[in-house]
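Undergrad: next come a sequence and a model predicted from it.
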Amino acid sequence: MAVDQPAVTTKAGTGRRFSVGPSLALLPFLAYVAVFLLVPTVTVVLGGFFEDGRFSLSNLRTLGSATVLHATWNSIVLSASTALIGATLGALLTYLILAGNPHGLLRRATVSVCGVLAQFGGVTLAFAWMVTVGPNGLLTVLLSDALGKDTFGGSGWLYDMPGLILVYTYFQIPLMVIVFVPAVEGLRPQWREAATNLGASTWRYWREVGVPVLTPPFLASALLLFANAFAAYATAAVLVSQGQPILPLMIRAALTSEVVLGQQNLAFALALEMVVVVTVVMLVYNWYLKRTARWLQ
Amino acid sequence: MKRSLSFQAFRAVMLVLFAAFFALPLVAMLDFSTKVPATGERTWADWGLLVRDEALRQSIVTSLILAVLTAVVMVILLVPTMIWVRLRVPGASRLIEFLCLLPLAIPALVIVVGIKNVMAWVSYFVGDTPLALTLPYVILVLPFAYRSIDAALAAIDVRTLSEAARSLGASWLTVFARIVLPNIMTGVLSAATITVALVLGEFTFASLLNYLTMPVQLAAIYKVEARAAVAGALASILLVALLLLVLSYISRDRRTKKGSAA
């Protein structure tokens, strides 16, 4: 092709010509990602389908067992409820901080604090709630002193589903604020002015402009929160030391169990289920986000 | 914008409620870690255990070294690659972005399940040390580091800068180290800070691969030394918050300087 072009005279550095040389410099990075990210992922996917070197669906069949289905259902309930609670309260908090001075201290402080809290998980978060509403926790003691009876210390709810929902909300709300602030900022003041000029009340503006425009980014963010909760492990692992009410803890049990030998395969199958759910949710999220970008730029 | 008084009151009340929800667990940690349950006296003795207790101190040192090592490896691996992609192989930019953001879609727990063979191979080369965690940790921080560095690179004209330097006879090393790097320093620093913050709190990899980093050790001693464990957890989140605060000052400083020079 391109026979009538003059012969290329310069050697390197033109940047126009295709050559393999410059791409070679990317090899260390690509190799690194391949070894530490792609190899483990492929191991999990293949591990779900193979048994003793032969193709087999028996690992996947264990996913249909009652205990796994129960854990999966619990994980879905946990992720969906904290995504919904987190998205709603996060959207409310976003609105509250943006209703003030956009360059003010409150807004900047809240956004940076949310940046820390959204990544706040694991040991610290579990401990924080254990000493707040666990037995002898600060709030437990304060309430029992004030009301004269033990409100919620005793039953161990913190170490099961209700506790997980409360604790997960603590990092879901800040994550929602981070991803939702750009969307609310995308509401142009001109729309509000136009609506007001045409005689719309504040209520009508929100009902017919604000909410319809913000609904897609709200739902997209809720999906992101769902995936975030579904994949979270550390906080639940510290909080719930016995039993495996949710999928990640079931993976822990399969990984660390020394009783049954064939558990490694179960771990692969469970991890495969998790990566499939999270990937599907993230794909829908990305697709939805592209659609919403039409209005909010 | 004019707001009604009732809205202002509603806003203030709700903001206080949110602040209370987020602050209460942290206050409870401070209260718990400094109180003798029997007498209600205040003591900092358990905070002292963080340095006096041999095993705990060891785990804290391990976590700090891990954090620094991970940041160093991340910078060495990612920064030259990202600069090079912008300068010479722009066609690969989508691929690199995809790979860097991929860890957001693949949960850390899934990577742990599949990484056993790779880690066995790593241990074969570096020995059985917790510092081996550096290598998978770099993967965990890739998305966050990528975004910081990418934002910094997007803010400058890398191509023009490097062409100017090259036409004056600079080597590629000079272009990287003395032309581009100083211009994206804020982004690199912020990537390193996020890395340190994430590594200090990382629990999934360390606990399932049986390495005694600080979070793993804290979780292990909670049953016997609850106050010291809570003190350590609070100290780590305070350190992370402090780091991020310092970082936001650095980046604001640089921005205002740049702004006044322009």
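TA: Sure thing, it's come through. Residues are numbered from 1 along each chain as shown, chains lettered A, B, ... in the order given.
Undergrad: can you list the buried residues in the helix or strand harbouring residue B:191?
TA: Assessed by DSSP states H and E, residue B:191 sits inside helix B:185-201. For helix B:185-201, a neighbour-count test (16 or more other C-beta atoms under 10 Å in any protein chain shown) marks B:186-201 as buried. In short, each C-beta sits where N, CA and C put it, glycine included.
Undergrad: elements contacting the next helix or strand after it?
TA: Next helix or strand after helix B:185-201 toward the C-terminus (DSSP H and E): helix B:204-208. Packing partners of helix B:204-208 (3 or more C-beta pairs under 8 Å, 6 or more residues apart in numbering or on different chains; DSSP states H and E): helix A:234-239, helix A:247-256, helix B:108-114, helix B:134-154, helix B:214-221.
Undergrad: turn those into a markdown table, columns for distance to residue A:165 and mean neighbour count.
TA: Converted to a markdown table, those look like this (distance: least, C-beta to C-beta, whole Å; neighbours: other C-beta atoms under 10 Å in any protein chain shown):
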| stretch | distance to residue A:165 | mean neighbour count |
| --- | --- | --- |
| helix A:234-239 | 11 | 24 |
| helix A:247-256 | 15 | 22 |
| helix B:108-114 | 19 | 26 |
| helix B:134-154 | 25 | 22 |
| helix B:214-221 | 21 | 24 |
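Undergrad: how near is residue B:11 to residue A:92?
TA: 10 Å (C-beta to C-beta, to the nearest Å).
Undergrad: let me fix that: residue A:109
TA: Counting by C-beta to C-beta, the gap from residue A:109 to residue A:92 is 18 Å.
Undergrad: between the two, which is the more surrounded one?
TA: Neighbour count, other C-beta atoms under 10 Å in any protein chain shown: between residue A:109 and residue A:92, residue A:92 has more, with 14 against 11.
Undergrad: give me every residue that touches that one.
TA: residue B:14 (C-beta atoms under 8 Å, 6 or more residues apart in numbering or on different chains).
Undergrad: got a pLDDT number for it?
TA: pLDDT, residue A:92: 94.
Undergrad: out of the helices and strands packed on helix B:204-208, flag the one nearest residue A:123.
TA: Minimum separation from residue A:123 across the helices and strands packed on helix B:204-208 (C-beta to C-beta) falls at helix B:214-221, 4.3 Å.
Undergrad: what is the orientation angle of that closest one with helix B:185-201?
TA: Counting by axes from the mean of the first three to the mean of the last three C-alpha atoms, to 10 degrees, helix B:214-221 lies at 20 degrees to helix B:185-201.
Undergrad: is helix B:214-221 positioned near chain A?
TA: Yes. Residues of helix B:214-221 are located near chain A by C-beta under 8 Å from any C-beta of the partner chain, namely B:215, B:218, B:219.
Undergrad: please apply the same query to stretch B:67-85.
TA: Yes. Using C-beta under 8 Å from any C-beta, stretch B:67-85 comes into contact with chain A via B:77, B:78, B:80, B:81, B:84, B:85.
Undergrad: need those residues in TSV with distance to residue B:229, secondary structure and pLDDT, can you?
TA: Output for these, formatted as TSV (distance: C-beta to C-beta, whole Å; DSSP: H, G, I helix; E, B strand; the rest coil; pLDDT from 0 to 100):
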residue	distance to residue B:229	secondary structure	pLDDT
B:77	34	helix	95
B:78	34	helix	95
B:80	40	helix	92
B:81	39	helix	94
B:84	45	helix	91
B:85	44	helix	93
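Undergrad: for those, which one is nearest chain A?
TA: Chain A has its nearest neighbour among the residues of stretch B:67-85 next to chain A in residue B:81, at 4.2 Å by C-beta to the nearest C-beta.
Undergrad: residues near the closest residue to the closest one other than its chain neighbours, how many?
TA: In space, and not counting its chain neighbours, residue B:81 is closest to residue A:29: 4.2 Å by C-beta to C-beta, 6 or more residues apart in numbering or on different chains. A count of neighbours around residue A:29, defined by other C-beta under 10 Å, yields 21.
Undergrad: write out the residues of the stretch 151-262 of chain B neighbouring chain A.
TA: Applying C-beta under 8 Å from any C-beta, we find that the stretch 151-262 of chain B lies next to chain A at B:166, B:197-198, B:201-204, B:207-208, B:215, B:218-219, B:222, B:229-230, B:233-234, B:236-237, B:240-241, B:244, B:248.
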